[in-house]
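**Q** here is my input, please return the structure:
(4 chains)
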2 protein chains.
Amino acid sequence: MPAADSPAKGCCAPLESVPLDPAHAVGMAKMFKALGDPIRLRLLSLIAAHPDGEVCVCDMTDLFDVAAPTISYHLKLLREAGLVDHERRGTWVYYRPIRERLHQLSALLAAADLAGVSG
Amino acid sequence: MPAADSPAKGCCAPLESVPLDPAHAVGMAKMFKALGDPIRLRLLSLIAAHPDGEVCVCDMTDLFDVAAPTISYHLKLLREAGLVDHERRGTWVYYRPIRERLHQLSALLAAADLAGVSG
DNA sequence: AGTGAACTTAGACGGGTGTCAAAATAGAGG
DNA sequence: CCTCTATTTTGACACCCGTCTAAGTTCACT
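**A** From the prediction side, this is the model:
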């Protein structure tokens, strides 16, 4: 897959230190947008929380009230946002979190959270 | 498969510990969705980064390539998501971050980030 | 190769989003 | 009261999103 416009180059310019330059904002916004749907947020939660470090699609589809193609669509968006990775093994497809990206988002928000307190 | 429901009341059920119950996911997703636009993300960044702890709308509109009503629209969405508060003083309107909410989001992602490492 | 299981892609459809110009609202100050 | 400035609301419009069914793809196992 392209990953054409890579979200967030470099790492973690804090929301506090600087008003977040426009170019950087586009990549970060893309990741946040991917989390802006309850199903996608739950999917990421499942994937990030799983002890094996990965989850089979077959174990996710049954947990939601939507059809399988819809789950596939949401997983695709999470992939395109750069939040998860996937790998096919035999018939099954496994999804893994890309923790670096989650950390990036977390760091951005943590900085914003503390900005007013520290100064 | 893990049971998909859990109480997780109070604050900040970590993304790691539990697959994030559906009801909670809706509220968190709404906040992430509000951050899912470059202009809104930059607006929040400005507001959270400002030393005074608040920013006048009049100081924000000129920084973007969109008309004033569009900025107003985005600020409204940030408000409705519970991420910022606003107050009118005279002719001007000032926006403040609601840092508790930013912390909530940050905590959720931080937990996801560490899930695989800690155990 | 043929069948079946696990995903993904394609096409369609209703509802939501981001944008602007124009009009409305709220205060400050003559 | 009138007007000027700051900000929001309204109405319109093109485009994007989340969902489905139906069809396609990829792999395993006969």
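**Q** for stretch A:54-63, buried residues please.
**A** Neighbour counts over stretch A:54-63 (16 or more other C-beta atoms under 10 Å in any protein chain shown) mark A:54-57, A:60-61, A:63 as buried. C-beta: built from backbone N, CA, C; applies to glycine.
**Q** that one: end-to-end distance?
**A** Stretch A:54-63 has an end-to-end distance of 16 Å (criterion: C-alpha to C-alpha, to the nearest Å).
**Q** repeat that for stretch A:55-73.
**A** In stretch A:55-73, first residue to last residue: 16 Å (C-alpha to C-alpha).
**Q** what's near enough to touch the residue of chain A found nearest DNA strand C?
**A** Taking C-beta to the nearest atom of the strand, DNA strand C has its nearest neighbour within chain A at residue A:58, 2.4 Å off. Residue A:58 sits next to residue A:92 when contact means C-beta atoms under 8 Å, 6 or more residues apart in numbering or on different chains.
**Q** swap in residue A:72?
**A** Neighbour list for residue A:72: residue A:57 [criterion: C-beta under 8 Å, 6+ apart].
**Q** ok, now the one 5 residues further on?
**A** Residue A:77 makes contact with A:34, A:40 under the criterion C-beta under 8 Å, 6+ apart.
**Q** before we move on, what about residue A:94?
**A** Counting by C-beta under 8 Å, 6+ apart, the residues that residue A:94 touches are A:54-57, A:86-88.
**Q** state the pLDDT value of residue A:113.
**A** Residue A:113 is assigned 65 on the pLDDT scale.
**Q** now swap in residue A:99 and tell me
**A** 95.
**Q** for DNA strand D, see how far away the most centrally placed residue in chain A is.
**A** The centre of chain A sits closest to residue A:83, judged by C-alpha atoms, centre = their mean, with a distance of 3.0 Å. Per C-beta to the nearest atom of the strand, to the nearest Å, residue A:83 is found 14 Å from DNA strand D.
**Q** wait, doesn't residue A:44 sit right on residue A:35?
**A** Yes: using C-beta atoms under 8 Å, residue A:44 makes contact with residue A:35 at a distance of 6.8 Å.
**Q** the nearest residue to the residue nearest to the centre of chain A once chain neighbours are set aside: neighbour count?
**A** Closest residue in space to residue A:83, ignoring its immediate chain neighbours: residue A:101 at 5.4 Å, by C-beta to C-beta, 6 or more residues apart in numbering or on different chains. By other C-beta atoms under 10 Å in any protein chain shown, 23 other residues sit near residue A:101.
**Q** so residue A:101 touches residue A:31, yeah?
**A** Yes: in terms of C-beta under 8 Å, residue A:101 counts as a neighbour of residue A:31; the distance is 6.3 Å.
**Q** what about the closest residue to residue A:97 other than its chain neighbours, how many residues nearby?
**A** Counting by C-beta to C-beta, 6+ apart, residue A:97 lies nearest to residue A:48, which is 4.4 Å off, once chain neighbours are set aside. Residue A:48 has 30 neighbouring residues, counting by other C-beta under 10 Å.
**Q** which SS class is residue A:48?
**A** Here residue A:48 is helix, with the state taken from DSSP: H, G, I helix; E, B strand; the rest coil.
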